[in-house]
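I'll drop the sequence and a predicted model, then ask my questions.
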Amino acid sequence: MEHYQVVVIGGGSAGMTAAAGCASLGAKTALIEKKSSLGGDCLYYGCVPSKALIDAADKVHTVKQASAQFGYSLSGEVDFESVKEHIKSAQDRIQKLDNTQRFIDLGADVYFGKASFLSPHEIQIGDHDVITAEKIIIATGSSPVIPAIKGIEEVPFVTNESIFDLDALPSELGIIGGGTVGMEMAQAFSKLGSNVTVFEHSDQLFTKEDKDISTFMYNVLKDELSIRFNAKVTEAQNNNGKIIITLDNGESVTVDTLLISAGRKPNLDSLQLAKAGVAMKNGFVEADSSFRSSQPHIFAVGDVIETLPFTHAAGEEAKTVVTNALFGTKRSVDHHFTPWVTFTDPELFHVGRTEQQLKESGASYKVFRAHLDEVDRFITAHSSRGFVKILTDKKGYILGAHAAGKEAGEWMHVVVFAMKNKKKISSLSQTVYAYPTKAGAIQKAADLYWREKLFEGPLPKLTKKFFDLKYTLSLMKKGASFEYEEKLHKNH
Ligand SMILES: Cc1cc2nc3c(=O)[nH]c(=O)nc-3n(C[C@H](O)[C@H](O)[C@H](O)COP(=O)(O)OP(=O)(O)OC[C@H]3O[C@@H](n4cnc5c(N)ncnc54)[C@H](O)[C@@H]3O)c2cc1C
Ligand SMILES: NC(=O)c1ccc[n+]([C@@H]2O[C@H](COP(=O)([O-])OP(=O)(O)OC[C@H]3O[C@@H](n4cnc5c(N)ncnc54)[C@H](O)[C@@H]3O)[C@@H](O)[C@H]2O)c1
């Protein structure tokens, strides 16, 4: 039976980072992945295919719009196989960076098979191998939740794990869930030519964003998609290859493809956590701020714990857990400074607290808001829908920043840097931004701080008094020298 200093379970974003870190520091490390290759959700069913699909859809949409505007004529339809090839080639290129050999070269052993605990230090891989470990890092990620809808198991629905393998572009696409996955996919398929209907059971899209952001996005998206709020899907039926969706108000909608994107649940079913004595909380692995579980030698990072379910969050947690597991440090990650981006068009950027959270906590805060139609770069690009808002405390320290705007995910990160380094909003205003760039929107919002301080406080009254006095003195001086000159003139 092979013994390891560290065993990492799960070869996705978190697991690969943790295993590479442990092996690079010289610990005898094993990485176990249940699928036949490393990469996890992000590479195969998440970030990478979705962003490549969005890229293809954006290109198709831009070409259609530009040809209509600038006098070209365009014919034909989207070749969905080429779209899939566009996705696959991005995945292939990224997979080369995550290949098994890289981990072997770092000195780690890589096992392919489903891991489950036999005891707190023993792990079974598939049906055969059993290995033992001093320290264990669980990084098994998450999977789509399938809501309890009558007949759902009888219809050929897709999830993020199968939508990128569709044989053809859906003609009528139904989506259950108007969150991040649902809306990124809804807009991309709509741009490619599908008719899309979103069924969201709450009364807003993007429930983790402030109401002004989600209302703004609804107003943009309602022209491209059909969006049903308060939509309780009660039944799904198979009808000669079509799927009939029935809502609780009795209405029914027929689609040819149904995507379920109704949230995520951690992958824990096959792990047999009870045999390791690892506690769970709200369905996730319970972990303290240094990612240690209820068993002191077992840690957990990524989507399997209740923090932020993003690739960059998983990566940062994994980097941090390496020294905690190997050397007993107690390092943590402050996700208050971890941003996220929703890759719709326009994009949504989010870091720190929302206005709603600040209101609920009773904190006093200020809002500095700039609209993109005041920023020349957005005007010249003819994409000036959206706004930036920066939330600060009374002294100007940044509590959160949010934006809806073209490529907001690319130009908003300077705010994260300022926030993390405890800079005030005034420092964002005092930075010189090249003209005309989209980052100018940050300066527009931050400049409001000075406007308020300089032009709306007592200062303008004081400076007015000062300039009035100066003017009077200069007149008096002028008057005196005029009289003197006149006297001189007379004496001559
Ligand atoms: C459609 C979609 C789009 C997304 N887009 C973005 C984005 O643009 N940006 C972003 O930051 N995040 C995005 N995410 C979220 C991101 O994919 C996840 O947060 C990230 O993959 C989590 O990493 P992880 O390592 O925790 O889990 P995973 O990447 O899921 O890795 C877990 C791994 O563990 C393996 N595993 C599970 N159980 C076992 C077991 N018992 N034994 C062995 N191996 C096991 C799995 O096969 C998997 O390979 C997206 C998610 C989805 C669904
Ligand atoms: N750009 C990115 O970084 C990105 C992109 C996609 C996904 N992700 C990650 O993946 C996670 C999961 O995304 P998601 O969209 O599956 O979850 P989500 O929590 O973002 O959205 C799920 C939506 O489904 C709705 N819903 C739940 N049950 C429903 C039902 N029965 N009928 C109708 N609506 C229902 C919820 O109200 C919610 O609006 C996200 O939280 C995010 O962390 C990130």
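That came through, no problem. Predicted model, so just to flag it, every value in this text is computed and none were measured. Ligands and ions are numbered 1, 2, ... in the order given.

So which residues of the stretch 51-200 of the chain form helices?
For the stretch 51-200 of the chain, helices defined by DSSP state H, counting those that start in this stretch occupy the ranges 80-97, 100-105, 180-192.

of these, which approaches ligand 1 most closely?
The closest of the helices of the stretch 51-200 of the chain to ligand 1 is helix 180-192. By Cβ to the nearest ligand atom, the value is 4.4 Å. Quick note: C-beta positions are derived from backbone N, CA and C, even for glycine.

just the residues of this structure that are near ligand 1, which are they?
Within the chain, the positions adjacent to ligand 1 are 9-15, 32-35, 40-42, 46-47, 50-51, 114-115, 139-141, 160, 181, 267, 270-271, 302-304, 309-312, 314, 343 by Cβ under 6 Å from any ligand atom.

overlap between those residues and the residues near ligand 2?
Within the residues of the chain next to ligand 1, those near ligand 2 by Cβ under 6 Å from any ligand atom are 181, 309-310, 343.

Just put those residues in a markdown table and tack on secondary structure and pLDDT.
Shown next, in a markdown table, are these (DSSP: H, G, I helix; E, B strand; the rest coil; pLDDT from 0 to 100):
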| residue | secondary structure | pLDDT |
| --- | --- | --- |
| 181 | helix | 98 |
| 309 | coil | 97 |
| 310 | coil | 98 |
| 343 | coil | 98 |
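
From residue 462, how far out is residue 393?
26 Å (Cβ to Cβ, to the nearest Å).

Just flag the most distant two among the ones next to ligand 2 among the residues of the chain next to ligand 1.
Farthest-apart pair in these is 309 and 343; separation 15.2 Å (Cβ to Cβ).

Can you flag the buried ones in the residues of the chain next to ligand 1?
9-15, 32-34, 40-42, 46-47, 50-51, 114-115, 139-141, 160, 181, 267, 271, 302-304, 309-311, 314, 343 (16 or more other Cβ atoms under 10 Å).

So which of these sit within strands?
Among those, DSSP state E puts 9, 32-33, 115 in strands.

give me every residue that touches residue 243.
Applying Cβ atoms under 8 Å, 6 or more residues apart in numbering to residue 243 gives the contacts 155-157, 174, 236-237, 254-258.

name the element it belongs to?
Residue 243 is part of strand 242-247 when elements are defined by DSSP states H and E.

Output the contacting helices and strands for the helix or strand following that strand.
Sequence order places strand 252-255 as the next helix or strand after strand 242-247, per DSSP H and E. If you count contacts as 3 or more Cβ pairs under 8 Å, 6 or more residues apart in numbering; DSSP states H and E, strand 252-255 packs onto strand 172-176, strand 242-247.

State the mean pLDDT of strand 252-255.
The average of the pLDDT scores along strand 252-255 is 97.

following that strand, which helix or strand comes up?
Assigned by DSSP H and E, the successor of strand 252-255 is strand 257-260.

Can I get that next one as PDB, trimmed to CA atoms?
Extracted in PDB, the C-alpha atoms of strand 257-260 (Å, rounded to 0.1, in the frame of the first residue of the first chain):
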ATOM      1  CA  THR A 257     -33.800  21.800 -26.000                       C
ATOM      2  CA  LEU A 258     -34.100  22.300 -22.200                       C
ATOM      3  CA  LEU A 259     -31.100  23.600 -20.200                       C
ATOM      4  CA  ILE A 260     -31.100  23.200 -16.400                       C
END
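
other SSEs contacting that strand?
Secondary elements touching strand 257-260 (3+ Cβ pairs under 8 Å, 6+ apart): strand 172-176, strand 242-247.

Does ligand 2 have contacts with it?
No - against ligand 2, strand 257-260 shows no contacts by Cβ under 6 Å from any ligand atom, the least distance being 8.4 Å.

Return the distance of that strand from the chain's centre.
Averaged C-alpha coordinates place strand 257-260 at 22 Å from its chain's average position (Cα atoms, centre = their mean, to the nearest Å).

What of stretch 264-271?
On Cα atoms, centre = their mean, the centre of stretch 264-271 falls 22 Å from that of its chain.

Quote the end-to-end distance of it.
End-to-end distance for stretch 264-271: 17 Å, by Cα to Cα, to the nearest Å.

which other residues reach that stretch?
For stretch 264-271, contacts defined as Cβ under 8 Å, 6+ apart pick out 9-10, 34, 114-117, 138, 140-145, 280, 283-285, 303-305, 309.

got the ones next to ligand 2 among the residues of the chain next to ligand 1 as CSV, with distance to residue 88 columns?
Below are those laid out as CSV (distance: Cβ to Cβ, whole Å):
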residue, distance to residue 88
181, 20
309, 25
310, 23
343, 19
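
Of the contacts of residue 243 - the most surrounded one?
Counting neighbours by other Cβ atoms under 10 Å, residue 174 comes out on top of the contacts of residue 243 with 27 neighbours.

Against residue 155, how distant is the closest residue to that residue other than its chain neighbours?
Spatial nearest neighbour of residue 174, excluding adjacent residues (Cβ to Cβ, 6 or more residues apart in numbering): residue 255 at 3.6 Å. From residue 255 across to residue 155, the span is 10 Å (Cβ to Cβ).

With residue 323 instead?
Using Cβ to Cβ, residue 323 is found at 48 Å from residue 155.

Tell me the residue of the stretch 101-250 of the chain that sits nearest ligand 1?
residue 141 (2.4 Å).

which ones are touching that residue?
10, 12, 14, 40-41, 266-267, 302-304.

Switch these over to a markdown table; also include distance to residue 479 and pLDDT.
Formatted as a markdown table, these follow (distance: Cβ to Cβ, whole Å; pLDDT from 0 to 100):
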| residue | distance to residue 479 | pLDDT |
| --- | --- | --- |
| 10 | 86 | 98 |
| 12 | 82 | 98 |
| 14 | 79 | 98 |
| 40 | 83 | 97 |
| 41 | 82 | 97 |
| 266 | 84 | 98 |
| 267 | 87 | 98 |
| 302 | 79 | 98 |
| 303 | 79 | 98 |
| 304 | 83 | 98 |
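
Identify the farthest-apart pair in those.
Farthest pair in these (Cβ to Cβ) is 40 and 266. Separation: 13.4 Å.

for the stretch 51-200 of the chain, which spans come out with low pLDDT?
Along the stretch 51-200 of the chain, no part satisfies pLDDT under 70.
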